[in-house]
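Just need the structure, nothing else, for what follows:
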Amino acid sequence: MDSQLIEIRTGGREAVVDLTDEIATFLRSVDAREGLLNVWVPHATAGLAVIETGAGSDTDLLAALRELLPADDRWRHRHGSPGHGRDHVLPAIVAPSMSVPVLDGRAALGTWQSVCLVDTNGDNPVRSVRLSFLTG
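Numbering: from 1, shown residues only. Sure thing, here's the model as predicted:
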């Protein structure tokens with residue numbers, strides 16, 4: 001298995017960050033052909049999604065998460081910025097890991113699909129993402 005930890009700067013704000021280019025670079029660097037890519041976010045307040053970006057879906061996702069998980073005082077988990085408890089619930093809804101088939105050296109994503117980091121936690125402006133490739 002080949003594995004690499006990459007650093008993503010979210011800027012301390014809610015963000016949907018497209019990781020697809022970083023994934024392609026990683027797969028080239030390990031000379032991937034056929035196999036399975038695992039993407040893992042080792043954080044208690046972030047997740048991963050396969051979503052279309054650039055056409056408003058990423059903004060819509062953050063808006064939906066704000067409605068589903070409001071940043072208010074309802075949360076028992078209360079350290080950090082106001083409403084931070086919602087960020088700890090996020091990974092139960094937006095999973096912190098995913099697997100993507102790799103075919104002919106590329107992530108087998110659909111035309112409009114991108115692998116994205118989803119981060120609602122403004123308290124952490126830098127995130128780590130582990131990319132691991134298992135040859136098939």
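
from here on, contacts and neighbour counts on C-alpha atoms
Noted.

From residue 46, how far out is the residue nearest to residue 11 when sequence neighbours are not counted?
Distances taken as C-alpha to C-alpha, 6 or more residues apart in numbering place residue 125 nearest to residue 11, at 4.7 Å, with adjacent residues excluded. The spacing between residue 125 and residue 46, counted by C-alpha to C-alpha, to the nearest Å, is 12 Å.

Which one of the two is surrounded by more residues?
residue 46 (26 against 15; other C-alpha atoms under 10 Å).

what about residue 65, neighbour count?
For residue 65, the neighbour count with other C-alpha under 10 Å is 18.

And for residue 85?
Residue 85: 23 neighbours (other C-alpha under 10 Å).

Show the contacting residues for it.
71, 75, 76, 77, 78, 79 (C-alpha atoms under 8 Å, 6 or more residues apart in numbering).

Apart from its chain neighbours, what residue comes closest to it?
Using C-alpha to C-alpha, 6+ apart, the closest residue to residue 85 is residue 77 (4.6 Å).

any idea which helix or strand of the chain has the worst average confidence?
With mean pLDDT, DSSP states H and E as the measure, the helix or strand of the chain carrying the lowest mean pLDDT is helix 85-93 (a mean of 94).

buried sites along it?
By 16 or more other C-alpha atoms under 10 Å, the buried positions in helix 85-93 come out as 85, 86, 87, 88, 89, 90, 91.

Return the set of buried residues in stretch 56-68.
58, 61, 62, 65.

Look at the second one and give its secondary structure.
Secondary structure for residue 61, judged by DSSP: H, G, I helix; E, B strand; the rest coil, is helix.

could you pull out the helices for this structure?
Taking DSSP state H, the helices of the chain run over residues 20-29, 57-68, 85-93.

looking at those helices, which is closest to residue 8?
Proximity to residue 8, assessed across these by C-alpha to C-alpha, is greatest for helix 20-29 (9.9 Å).

Run through who's touching the closest one.
Here helix 20-29 has contacts from 4, 105, 106, 107, 114, 115, 116, 131, 133, using C-alpha under 8 Å, 6+ apart.

starting at the chain centroid, how far to that helix?
Computed by C-alpha atoms, centre = their mean, to the nearest Å, the chain-centroid distance of helix 20-29 equals 15 Å.
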